[in-house]
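**Q** Below is the structure, and that's it, no one-letter string:
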């Protein structure tokens, strides 16, 4: 498709939203607040049954919301997850991956559609991989990158949220996106939260030396992993408190009852799972299964639990249909469409690790890292999960019998047949969702200013 045709297509989507907005009922459109708890795995949240009570605000929210138990990202990294969250497309379509972590300007984002429909759109990100330089500001009237603000006495995202709320025009609906980075490594929450779970924070690693761990320079075992899990849980507790503050502000301003409030994540985290750290090189449940709670009693039953497979691609079509703005050019499924997701396959991807290669630099060719030079894809269908690897080292799991993915079934009787069938399904899904987009799919990251590079450095992405 030529750039001119793509531009016309984008314009058509926005014009359609405007026309549908004009033709819809006179009832005030709901506001939308979309919260991303960066790097948050589902099984480390007390609102999902985790044994540490680290999400008291989300527990209260869950009692008034619909909680999705089988919610998945589209992979195990921030840019692909946010790109799918903003476009309703899979990485095979939007092309924002480990190989090229820039969101194409030829794609239509949720913020663009909502802006065209009269919404004020505000984005706040604490994660520098979701920056304006990477194209994630598309469609936002305001896009705040917290590393450019000096807010020492408060959580910067909440402070910017509050300042944005102070300028809200009650005559117009708003869409407000917030990314909280705190659960991301290194795990360094403030003292009062760390003290909840860790007696001596300095007695073990904080996840800042993951590269040395992968290079075999550090020998981390169960005590070190347990220490970092406690620090990680403290980060989640801190983030939960910030989400509670946002909810309180919406209630204080009498906006809560007419706001679709969504809490989710872009991906999870390995903390010793399968010997891995952070979210490199794997598609295990620990890095792809995420929280999803939606509060809007007018459409989502309070206290309900949804067990059907759900992915980040589903949020855009859900919101567009809820707002009577059409379905858009998406690949997800409307969460309000009864039974539509019951038998759907879940598609997950980890592309060639170009970002990790850049991060590790000359160390990448070491023996310890060489085995991770591969592309992963995964499909979940029913209880079966296949992790397909470009080096042929595939993994097959029964998630019902083995939720921790400890028993690879590929070499057991019947395993080869299942691998063949699921590989065929995987190939068909990729063919179905793949789209050609302008530019180079393997171009690495965007050009970054020094402030953004420093923010990435603090997360361990650049040296």
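**A** All right, it came through fine. Since the model is a prediction, treat every value here as computed from it, not as a measurement.

**Q** Next, the buried residues of stretch 189-196.
**A** Residues 189, 193, 194, 196 are the ones in stretch 189-196 that count as buried (16 or more other C-beta atoms under 10 Å). All C-beta spots, glycine's among them, are computed from the backbone N, C-alpha and C.

**Q** no no, stretch 254-268
**A** Going by 16+ other C-beta under 10 Å, stretch 254-268 has these buried residues: 255, 256, 259, 260, 261, 262, 263, 264, 265, 266, 267, 268.

**Q** Nearest to residue 377, out of those: which one, please.
**A** residue 267 (15.3 Å; C-beta to C-beta).

**Q** Residue 228 - how many residues pack around it?
**A** Using other C-beta atoms under 10 Å, residue 228 has 24 neighbouring residues.

**Q** How far does the one helix or strand it maps to sit from its chain's centre?
**A** Here residue 228, judged by DSSP states H and E, is contained in helix 222-252. Here helix 222-252 is found 16 Å from its chain centre; the criterion is C-alpha atoms, centre = their mean, to the nearest Å.

**Q** And that helix, what does it pack against?
**A** The contact analysis (3 or more C-beta pairs under 8 Å, 6 or more residues apart in numbering; DSSP states H and E) places helix 222-252 against strand 31-37, helix 56-63, helix 156-165, strand 174-180, helix 191-197, strand 259-264, strand 270-271.

**Q** model confidence over that helix, on average?
**A** Mean per-residue pLDDT for helix 222-252: 97.

**Q** just stretch 429-447 next, same as before
**A** So the average pLDDT for stretch 429-447 ends up being 71.

**Q** for stretch 81-91, same thing?
**A** 98.

**Q** Quickly note the distance from the nearest residue to residue 57 once chain neighbours are set aside to residue 33.
**A** Nearest residue to residue 57 in three dimensions, chain neighbours excluded: residue 244, at 3.5 Å (C-beta to C-beta, 6 or more residues apart in numbering). Note on residue 244: its distance to residue 33, by C-beta to C-beta, to the nearest Å, is 13 Å.

**Q** So for those two, which sits in the more crowded spot?
**A** Neighbour comparison, residue 244 and residue 33: the larger count goes to residue 33, with 25 against 17 (by other C-beta under 10 Å).

**Q** gap between the more buried one and residue 57?
**A** 14 Å.

**Q** which residues touch the residue nearest the centre of the chain?
**A** When C-alpha atoms, centre = their mean is applied to the chain, the residue found nearest the centroid is residue 266 (1.0 Å). Taking C-beta atoms under 8 Å, 6 or more residues apart in numbering as the contact definition, residue 266 lies against 36, 38, 39, 73, 77, 78, 81, 82, 85, 179, 290, 312.

**Q** and with 7 Å instead?
**A** Contact analysis of residue 266 by C-beta atoms under 7 Å, 6 or more residues apart in numbering lists 36, 38, 73, 78, 81, 82.

**Q** quick one: the second one from residue 54, how far?
**A** Okay, so that is residue 38. From residue 38 to residue 54 the distance is 16 Å (C-beta to C-beta).

**Q** Give me the below-cutoff pLDDT ranges for the chain.
**A** In the predicted model, the chain carries pLDDT under 70 at residues 1-26, 355, 364, 367, 437-449, 452-453, 455-463.

**Q** where along the stretch 301-450 of the chain do the strands fall?
**A** 304-306, 310-311, 346-350, 376-381, 384-389, 395-398 (DSSP state E, counting those that start in this stretch).

**Q** CSV for the ones you listed, including distance to residue 206 and mean neighbour count?
**A** Compiled in CSV, these are given as follows (distance: least, C-beta to C-beta, whole Å; neighbours: other C-beta atoms under 10 Å):
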stretch, distance to residue 206, mean neighbour count
strand 304-306, 34, 14
strand 310-311, 31, 26
strand 346-350, 25, 25
strand 376-381, 27, 24
strand 384-389, 29, 22
strand 395-398, 30, 20
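
**Q** Pipe these into TSV and attach distance to residue 429 per row.
**A** As requested, the strands of the stretch 301-450 of the chain are exported to TSV (distance: least, C-beta to C-beta, whole Å):
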stretch	distance to residue 429
strand 304-306	22
strand 310-311	12
strand 346-350	5
strand 376-381	7
strand 384-389	11
strand 395-398	17
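
**Q** so which of those strands gets nearest residue 143?
**A** strand 310-311 (24.8 Å).

**Q** ok, residues contacting that closest one?
**A** Contacts of strand 310-311 (C-beta under 7 Å, 6+ apart): 68, 70, 71, 72, 74, 292, 332, 335, 341, 346.

**Q** so which of the residues you listed comes closest to residue 324?
**A** The shortest approach to residue 324 among the contacts of strand 310-311 belongs to residue 335, at 15.6 Å (C-beta to C-beta).

**Q** Just to check, the closest one is in contact with residue 317?
**A** No. With contact defined as C-beta atoms under 7 Å, residue 335 does not count as touching residue 317 (8.3 Å).

**Q** so what's the residue lying closest to residue 90 once chain neighbours are set aside up against?
**A** Distances taken as C-beta to C-beta, 6+ apart put residue 433 closest to residue 90, at 4.4 Å, once the chain neighbours are dropped. For residue 433, the contact set (C-beta under 7 Å, 6+ apart) comprises 90, 92, 93, 331.

**Q** What is the helix or strand that contains the third one packed up against?
**A** In this case it means residue 93. Taking DSSP H and E as the definition, residue 93 sits inside helix 91-94. The criterion is 3 or more C-beta pairs under 7 Å, 6 or more residues apart in numbering; DSSP states H and E, and the helices and strands that helix 91-94 contacts are helix 78-87, helix 415-433.

**Q** Now those in CSV, please, with extra columns for distance to residue 306.
**A** Formatted as CSV, these follow (distance: least, C-beta to C-beta, whole Å):
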stretch, distance to residue 306
helix 78-87, 18
helix 415-433, 22
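
**Q** what's the most buried one of the ones you listed?
**A** Stretch with highest mean neighbour count among the helices and strands packed on helix 91-94: helix 78-87 (a mean of 29; mean count of other C-beta atoms under 10 Å).

**Q** what does that one contact?
**A** 38, 73-75, 90-91, 94, 96-97, 101, 103, 107-111, 127, 129-130, 134, 136, 266-267, 312-313, 315-316.

**Q** can we see that at 6 Å?
**A** The list of residues contacting helix 78-87 from outside it, by C-beta atoms under 6 Å, 6 or more residues apart in numbering, reads 73-74, 91, 94, 96-97, 101, 103, 107, 109-110, 127, 129-130, 266-267, 312-313.

**Q** do stretch 121-129 as well
**A** Here stretch 121-129 has contacts from 38, 78-79, 111, 114-115, 139-146, 157, 160, 164, 175-179, 181, 452, 455-456, using C-beta under 6 Å, 6+ apart.
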